[in-house]
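# Sequence first, predicted coordinates after that:
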Amino acid sequence: MKFLGIIPARYASSRFPGKPLIDIEGKTMIQRVYEQVKKSTKLNEVVVATDDQRIAQTVLSFGGKVVMTAEHHQSGTDRCAEVITNIEGYDVAINIQGDEPFIDPAQIDLLANCFEDTTTQIATLVKEITAEEELFNVNIPKVVRNSKGEAIYFSRQTIPFLRGVEKDQWLQKQKFYKHIGIYAYQVDTLKALTQLPISMLEEAEALEQLRWLENGYAIQTAITTHETVAVDTKEDLTKILRLFFNK
């Protein structure tokens, strides 16, 4: 089975414009992401998917591979789908966030391992929640899994709800999982997903993976113990510098 790693990257971020090109101790963020992803033992190829020439030229300057995509894409999933329509020969596409400069390559390998079961259509990662501030944070999507490790539902609310249990006791009574936003898809499945209309549940929660569940696709999950650190704001960049460079 051949795996293609795709890093969607766009310049026009509403919260942090130009963030793929910000400098992190001498390297742009997109270069740090690319170099981390290349350490995966499962990927046969890695490309950056972008609609911006500044990002494309930066990737080429450090020896990376880039695929130009359309400007109109609303999500990384759509951008990845365009890439795999133009690059043939791969069985699975892995959509890797372009704003995690220190992503653990083992997480990519863990996700790829889900496809040892040839019936897997889509796979993603989850991590056990251990702190109340995460458990009740509506900006952190939660996921409930079935006995086969497949996602049953994703929500910004805390799920499952523990009836008759005080909230400060929930973590002692039940395992809760948060969603880690990295996806892998069988290429034919990825092409089909982008043809689906926005669903009721997706619109309600603003989580695109609910569209897939609502249309009958199975999402296999794997549990990671590694914490991801994304750069969504300038404050996040400060945190990254403190965590990894003692700045």
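Ah, there it is.
# Helix, strand, or coil at the most centrally placed residue in the chain?
The chain has I182 as the residue nearest its centroid, 2.3 Å off, counting by Cα atoms, centre = their mean. Three-state assignment for I182 (DSSP: H, G, I helix; E, B strand; the rest coil): strand.
# gap between it and G64?
For I182, the distance to G64 equals 19 Å [Cβ to Cβ, to the nearest Å]. In short, each C-beta sits where N, CA and C put it, glycine included.
# List the residues that contact I182.
Residues in contact with I182 (Cβ atoms under 8 Å, 6 or more residues apart in numbering) are 94-97, 103, 107-108, 111, 124-125.
# give me that answer again for 7 Å
Contacts here follow Cβ atoms under 7 Å, 6 or more residues apart in numbering; on that basis I182 touches 95-97, 107, 111, 124-125.
# can you check Y217 too?
Contacts of Y217 (Cβ under 7 Å, 6+ apart): 121-122, 189.
# please redo it, this time with the cut-off set to 6 Å
121-122 (Cβ atoms under 6 Å, 6 or more residues apart in numbering).
# same question, D52
D52 makes contact with Y11, according to Cβ under 6 Å, 6+ apart.
# Could you rerun that using 7 Å?
10-11.
# follow-up on the earlier one: make a markdown table out of the contacts of I182 and add pLDDT, distance to R54 and secondary structure.
Shown next, in a markdown table, are the contacts of I182 (pLDDT from 0 to 100; distance: Cβ to Cβ, whole Å; DSSP: H, G, I helix; E, B strand; the rest coil):
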| residue | pLDDT | distance to R54 | secondary structure |
| --- | --- | --- | --- |
| N95 | 98 | 22 | strand |
| I96 | 97 | 20 | coil |
| Q97 | 93 | 19 | coil |
| Q107 | 97 | 28 | helix |
| L111 | 98 | 29 | helix |
| T124 | 98 | 30 | strand |
| L125 | 98 | 30 | strand |
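# and V33, how far is that from N137?
Using Cβ to Cβ, V33 is found at 25 Å from N137.
# cool, and L4?
Distance, L4 to N137, by Cβ to Cβ: 33 Å.
# More neighbours: which of these two?
Legend: neighbour count by other Cβ atoms under 10 Å for L4 and N137, higher for L4 (21 against 15).
# Just confirm that one is within a helix.
No: assigned with three-state DSSP, L4 falls outside any helix and is strand.
# what are the ranges of the helices in the protein?
Assigned by DSSP state H, the helices in the chain fall at 29-37, 53-61, 76-86, 105-113, 132-135, 170-173, 187-193, 200-205, 209-214, 234-245.
# so what does the third one touch, helix or strand wise?
Judged by 3 or more Cβ pairs under 7 Å, 6 or more residues apart in numbering; DSSP states H and E, the packing partners of helix 76-86 are strand 3-9, strand 45-50, strand 92-95, helix 187-193.
# can I get those in a markdown table with distance to L21?
Listed next are the helices and strands packed on helix 76-86 as a markdown table, based on distance: least, Cβ to Cβ, whole Å:
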| stretch | distance to L21 |
| --- | --- |
| strand 3-9 | 9 |
| strand 45-50 | 11 |
| strand 92-95 | 20 |
| helix 187-193 | 27 |
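# All good on my end, thank you.
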